[in-house]
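# Requesting a structural model of the entry that follows:
(one chain, ligands or ions: 1)
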Amino acid sequence: MKEKIRIIEGDITQQPVDAIVNAANTTLLGGGGVDGAIHRAAGPQLLEETRQIGGCPTGEARVSKGYRLPARWVIHTVGPVWSGGHRNEEVLLANCYRNSLRAAVDAGARSIAFPSISTGAYRFPLERATEIAMRETKRFLEGDDALKEIVFVCFGPEALTTYQNVFQRVFGG
Ligand code: ADP
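Predicted coordinates:
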């Protein structure tokens, strides 16, 4: 199963996968960070579609087309804002990964790329977030064979090192 996982440093908007995941906010109207980058790369039609969708609660996921992106679909999920760990943040972040994987498979995707949800403006501690990302992905792949490739796109060398270390721990190197 671990052969399906790839960890790379790069820009998620450039990934040639079926679906990329967006770390959106509840309005789905775009924002900074990876959300802004995805909207810029996809073009203005993406905002037209997400406006129609009308928002997304924290932990859930919504699917749109990818427009000018190499990816056919964008899975918009809303991570929790970190506020110390006592507001269900870990469960909500796990929900993001599970619901995004489910939504991608239901749309027909065979490959998917994730950014590090909640670890930018939402300040979720990187290592804890990475553990949740890996554990939820492993659990999902154990129960569903549709996805053939899961790419974790790290934005910078610190995230890359953390992802590689946590991968060894969770998937057993
Ligand atoms: P959140 O509000 O969920 O924290 P951010 O966009 O602020 O979302 O950050 C989420 C992660 O996405 C951060 O680790 C950030 O470094 C990373 N990131 C920003 N731009 C890109 C990009 N173009 N490709 C991949 N990851 C990115």
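
# ok, how many other residues are close to V166?
V166: 22 surrounding residues under other CB atoms under 10 Å. In short, each C-beta sits where N, CA and C put it, glycine included.

# Now do the contacts for it.
By CB atoms under 8 Å, 6 or more residues apart in numbering, V166 lies in contact with E127, T130, E131, A133, M134.

# again with T50
A24, L28, L29, G30, R62, S64, H76.

# picking up where we left off before, from the contacts of V166, list the ones also adjacent to the ligand.
For the ligand, no contacts are drawn from these by CB under 6 Å from any ligand atom.

# Throw together a PyMOL command that grabs the buried residues out of those.
In PyMOL syntax, the buried subset of the contacts of V166 is picked out as below (16 or more other CB atoms under 10 Å):
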select buried, resi 130+131+133+134
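
# Helices along the protein, start to end?
33-42, 44-53, 89-107, 126-143, 157-171 (DSSP state H).

# Same list, those helices, but as a markdown table with mean pLDDT and distance to A19 please.
As requested, the helices of the chain are arranged in a markdown table below (pLDDT from 0 to 100; distance: least, CB to CB, whole Å):
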| stretch | mean pLDDT | distance to A19 |
| --- | --- | --- |
| helix 33-42 | 98 | 12 |
| helix 44-53 | 98 | 14 |
| helix 89-107 | 98 | 4 |
| helix 126-143 | 98 | 14 |
| helix 157-171 | 97 | 19 |
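
# tell me which parts of this structure are close to the ligand?
Neighbours of the ligand within the chain, by CB under 6 Å from any ligand atom: 11-13, 23, 33-35, 37, 79, 115-122, 153, 155, 159.

# Can you say which of these are buried?
For the residues of the chain next to the ligand, buried by 16+ other CB under 10 Å: 12-13, 23, 33-35, 37, 79, 115-120, 122, 153, 155, 159.

# In strands only, show me the residues you listed.
Cross-referencing those against strands under DSSP state E gives A23, V153.

# Tell me the backbone dihedrals of the closest residue to S118 other than its chain neighbours, please.
Once flanking residues are discounted, S118 sits nearest to G79: 3.2 Å by CB to CB, 6 or more residues apart in numbering. Note on G79: backbone dihedrals following degrees, to the nearest 10 are phi -80, psi 160.
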